[in-house]
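Colleague: Sequence and predicted structure are below.
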Amino acid sequence: MAGGVTAVTPRQNWKRSLVYVAIGMALLLAVLFAVSLIFEQSLWDSFPIASAVLTGCLCLGSVVMWIYGHSIRGPVLLDCGAHPQKWLFLGMAVLGLFSCILSASFDVLEPDSEKGLTTGFLFGLCGVFAAVYSLMEGLGRLEIRENGIWAYRRLIKGDSLRSHRWHSDDTLVLRWDSWIPSGGTQSVPVPPEHRDFVKELLGKYYPIDQ
């Protein structure tokens, strides 16, 4: 377990947010220019394909990390239950599948053209990925595990946890070491009835250095 973790300052939050935005924009532009060169079309026409490719890669990565986290998370120390907005995520999953069906049934952008078929298929693919992502979040649980914190859809390993702090609305903000220089972060809603138990376990295994 971690010997001690440090608190997060508002300035660090802003810096981390800017890093995420910069990385996302750089990836989107890189994929956008690549698609434009490959298909010999304008950047505007390439945007749907680039968005689908980037979304697919991100969601596929999330699925891979979900499978990996399941395999190493260890026994449960405390089960805090399902996500407080479980039904919202399940509803989003249904909408994602519905959009997939619509995109597969109709050439929504350019009927009677090969380009419309391709774009409709890609938008449908985005719907599938969105549905899978929402299902992972909606069916996931918040659990304190032997090897870390299972935050509904991902494992935050105990030896990589850098900080944790509470908001007044029973939201736990976690920060951990990752390949991003500023580290990974996630806001985790905690059911009020489990907040004291979660605080006790975090204080025992991951005390914050003041």
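Modeller: Thanks, I have it.

Colleague: Excluding chain neighbours, what is closest to the residue positioned nearest the centre of the chain?
Modeller: Nearest to the mean C-alpha position of the chain, counting by Cα atoms, centre = their mean, stands Ser62 at 6.7 Å. Leaving aside its chain neighbours, Ser62 sits nearest to Tyr133 (6.1 Å; criterion: Cβ to Cβ, 6 or more residues apart in numbering). Any C-beta I mention is one placed from the backbone N, CA and C, and that applies to glycine too.

Colleague: Is it correct that the residue nearest to the centre of the chain falls within a helix?
Modeller: Yes. Secondary structure of Ser62 (DSSP: H, G, I helix; E, B strand; the rest coil): part of a helix.

Colleague: I'd like to know how far it sits from Ala130.
Modeller: For Ser62, the distance to Ala130 (Cβ to Cβ, to the nearest Å) stands at 11 Å.

Colleague: could you pull out the strands for the protein?
Modeller: 5-6, 76-82, 141-145, 148-151, 155-157, 161-166, 171-176, 184-189, 208-209 (DSSP state E).

Colleague: what's the second one in contact with?
Modeller: Contact partners of strand 76-82, identified using Cβ atoms under 8 Å, 6 or more residues apart in numbering, comprise 138-146, 190-191, 194, 197-198, 201.

Colleague: Averaged pLDDT, it. What do you get?
Modeller: Per-residue pLDDT values over strand 76-82 give a mean of 90.

Colleague: Can you list the buried residues in that strand?
Modeller: For strand 76-82, the neighbour count (16 or more other Cβ atoms under 10 Å) marks Cys80, Ala82 as buried.
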